[in-house]
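>>> here is my input, please return the structure:
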Amino acid sequence: METDSPVAAVLAARYIGMGLDDHQTTQLARFHDFLAGEAIKTGGIGPNEGGRLWNRHIADSVVFGAGLGRAEDCLDVGTGVGLPGIPLAILFPDVHFTLVDRAGRRVTLARRACATLGLANCDVVQSDVKNIDERYDFIVSRASLPPSDLMIHVKRLLRVPGVAMIALSRVASHYLEPVEQISGLRASVVQVPDGVLDTTVSLLRIETTT
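Numbers count the residues shown, from 1 in each chain. Sure, this is the predicted structure:
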């Protein structure tokens, strides 16, 4: 993918088996403008990210949504300015999202983005994940704790059955054994095919079995 454009979000949505309607397309574009303006200006996203917001942030967030449509609620751990939670909330309006981050500045930005977009299915919470005690059908984490550190929280916070999708920096089968040593968890590595995003992306998919 040579250019950064809304087409990236269309391809990512198609990958998870969805089409974008006009309202969703408009909402994603408004979120892009929020990231390009206020989020970069205030340091919520790095100053060099403006030219790749669609590919590296919005479309990248969308691919976390495979299977999410069957959930009633979703926890986004380490959401930052709302990634991947806000793009997913736009695509899945019937799912309730709780966006959690420790950083007050980023939480403020995520709340402003939700208010600007009128997202009634999002709550943004300033907290460490260790202080969260609700259970969820789905958990996502794009740029938070290392997968090995997240496992204890995934086990504690996921309902049965439940699914977590966690970002990996590369395809790494060595993540699987530590997960599967935890009773009641099953793990697999999902590699997003070339051509969906502008770079190789791998996700650790974790399911609760008991």
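
>>> run through the protein and note the low-pLDDT ranges.
1-2, 144, 169-175, 177-178, 180 (pLDDT under 70).

>>> what's the neighbour count on the residue lying closest to residue 126 once chain neighbours are set aside?
The shortest distance from residue 126 to any non-neighbouring residue, by Cβ to Cβ, 6 or more residues apart in numbering, is to residue 107 (4.3 Å). (Each C-beta comes from the backbone N, C-alpha and C, glycine too.) When neighbours are defined as other Cβ atoms under 10 Å, residue 107 has 22 of them.

>>> equivalent analysis for the one 10 residues further on, please.
The local packing of residue 117 (other Cβ under 10 Å) involves 19 other residues.

>>> now do the contacts for it.
27, 30, 31, 34, 86, 90 (Cβ atoms under 8 Å, 6 or more residues apart in numbering).

>>> doesn't the fifth one belong to a strand?
What that stands for is residue 86. No - Residue 86 sits outside any strand when classified using DSSP: H, G, I helix; E, B strand; the rest coil, being helix.

>>> and the host helix or strand of the residue nearest to residue 126, what's buried?
When elements are assigned from DSSP states H and E, residue 107 belongs to helix 104-117. Residues 106, 107, 109, 110, 111, 112, 113, 114, 117 are the ones in helix 104-117 that count as buried (16 or more other Cβ atoms under 10 Å).

>>> same check, this time on stretch 185-197
Counting neighbours by 16+ other Cβ under 10 Å, stretch 185-197 gives 185, 187, 189, 192, 196, 197 as buried.

>>> over to stretch 5-16?
So stretch 5-16, judged by 16+ other Cβ under 10 Å, has buried residues 8, 9, 10, 11, 12, 13, 15, 16.

>>> return the subset of those residues lying in helices.
Judged by DSSP state H, helices contain the following of these: 8, 9, 10, 11, 12, 13, 15.

>>> TSV for the residues you listed, including distance to residue 181?
Formatted as TSV, those follow (distance: Cβ to Cβ, whole Å):
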residue	distance to residue 181
8	37
9	37
10	39
11	36
12	32
13	35
15	31
